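**Student:** what follows is a predicted protein model with its sequence.
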Amino acid sequence: METMTNIFTEKEVSDRVALSLKNISKKFPVAYQLANIVEEIGLFTGKAYMDEQGCNFTPDIEGEQPLDCEPSPDGNSTMFGCFKANNEWRCYLRIDKHFVIISFDLTTGKIIRVIPDTRESPFFWKAEHEYERIQDIVLLAKDRPETENRLSREEVEEKVASTLMKFRSKFVSANCLAGFVNRCGLYNGIVTIGNYNTISFRKWRANQWKHPYCKAHFVVKEDGSLSDTEICDMEAGCVKIEGEWKCRLGFGLLTTSYVELTFNTRTGELNNIDFDKDKAPKFKNSEFWEGWLTNTTKERVKEVLNLLE
């Protein structure tokens, strides 16, 4: 009787896994980079990442579980720690606070196990129950190849800028950031707008902690007070790592609260949202309050979704 090991060659199995990873990248953008690594070196045990020279691979890995994603040494891509064991190839994918561990069959390339995180997230995970999240990943893997739906760079930037504009009624800085994207694209660094609408860009310094931020100064009105809608200058640091572009939007004068957005750089889709945990004040219903109106994760996600709709 013919065994399963004779059905597919090792190259065919790795190609099937890479295709599934590219489809899953619609939800976990880093999966696309891992797919490129698999296409180049196959299903590996060890640590690997991509840079301008190609794939960098180290066969050393401790334990028998895949490692959490971490920045590559140059900080421009993601390092993956993957593992082969018991006829399975295991990998770890992450976006912000969410992750999934996936095991593929080494003889067929099919998904045989999915372990999603259990964090509450009405935006990223559409379902609360674990089995529904598992089904979400399995269905994504079987979808049409992600490359069939890939947009041009200009279309992606236009889509991201359009999404940012939907936030401007609540987040004053969204209008400026959308303008930055129109002028500079999905940049990796810091953009500043100053007097006479002059825009300057600088890259992140070497070894600098890269995290999205937004600082804005507001126009001084004739009576000496600060406008809560007009910005005179703004600085926005955004982070672009393979497959993802992260930015942050602030509310305005009265609060340091924010929302952090993660976009897919291949599709322009908003993949995830995150926000601060500061409590909304008792005077939140005042006409002057511009921050969160609610306190729970579900309610704040609903506030954001109302803007997107």
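**Tutor:** Thanks, I have the structure now.

**Student:** which SSE is Ala35 in?
**Tutor:** Using DSSP states H and E, Ala35 sits in helix 30-41.

**Student:** ok, now which ones touch Lys47?
**Tutor:** Phe57, Thr58, Asp60, Ile61, Leu67, Met79, Phe80, Gly81 (Cβ atoms under 8 Å, 6 or more residues apart in numbering). In short, each C-beta sits where N, CA and C put it, glycine included.

**Student:** write the PyMOL selection for whichever of those residues are buried.
**Tutor:** A single PyMOL command selects the buried members of the contacts of Lys47 (16 or more other Cβ atoms under 10 Å):
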select buried, resi 61+67+79+80+81
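
**Student:** from the contacts of Lys47, pick the one nearest Thr267.
**Tutor:** The shortest gap between Thr267 and any of those belongs to Phe80, at 21.0 Å (Cβ to Cβ).

**Student:** in terms of helices and strands, where is that closest one?
**Tutor:** Using DSSP H and E, Phe80 falls within strand 78-85.

**Student:** quick check: mean pLDDT across that strand?
**Tutor:** On average, the pLDDT along strand 78-85 is 90.

**Student:** same deal with stretch 140-156?
**Tutor:** The average pLDDT within stretch 140-156 is 74.

**Student:** one more: stretch 122-133?
**Tutor:** What stretch 122-133 shows for mean pLDDT is 86.

**Student:** figure out how far it is from the centre of its chain.
**Tutor:** Relative to the chain's own centre, stretch 122-133 is displaced by 17 Å; criterion: Cα atoms, centre = their mean, to the nearest Å.

**Student:** need the helices for the protein, in chain order.
**Tutor:** 10-24, 30-41, 130-141, 153-165, 174-184, 297-308 (DSSP state H).

**Student:** got JSON lines for those helices, with distance to Phe124 too?
**Tutor:** Shown next, in JSON lines, are these (distance: least, Cβ to Cβ, whole Å):
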{"stretch": "helix 10-24", "distance to Phe124": "13"}
{"stretch": "helix 30-41", "distance to Phe124": "14"}
{"stretch": "helix 130-141", "distance to Phe124": "10"}
{"stretch": "helix 153-165", "distance to Phe124": "16"}
{"stretch": "helix 174-184", "distance to Phe124": "20"}
{"stretch": "helix 297-308", "distance to Phe124": "9"}
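
**Student:** ok, Cys69 - contacts?
**Tutor:** Applying Cβ under 8 Å, 6+ apart to Cys69 gives the contacts Val30, Thr78, Met79, Phe80, Tyr92, Leu93, Arg94, Phe99.

**Student:** check the closest residue to it other than its chain neighbours and give its pLDDT.
**Tutor:** Distances taken as Cβ to Cβ, 6 or more residues apart in numbering place Arg94 nearest to Cys69, at 4.4 Å, with adjacent residues excluded. pLDDT, the model's per-residue confidence, is 92 for Arg94.

**Student:** what pairs with Arg94 across the strands?
**Tutor:** Counting by DSSP bridges, Arg94 is bridged to Phe99.

**Student:** from what I see, it and Pro29 are in contact.
**Tutor:** No - contact status for Arg94 versus Pro29: not in contact, 10.1 Å apart, counting by Cβ atoms under 8 Å.

**Student:** neighbour count for the two, which is higher?
**Tutor:** Pro29 (26 against 18; other Cβ atoms under 10 Å).

**Student:** what about Ser14, how many neighbours?
**Tutor:** If we define neighbours as other Cβ under 10 Å, then Ser14 has 23 of them.

**Student:** so it touches Ile37, yeah?
**Tutor:** No - applying Cβ under 8 Å, one finds Ser14 not in contact with Ile37, separated by 10.2 Å.

**Student:** just to revisit the earlier point, just checking: what are the partner strands of the strand holding Phe80?
**Tutor:** Paired with strand 78-85 in the same sheet, following DSSP bridges, are strand 46-51 (antiparallel), strand 67-71 (antiparallel), strand 88-95 (antiparallel).
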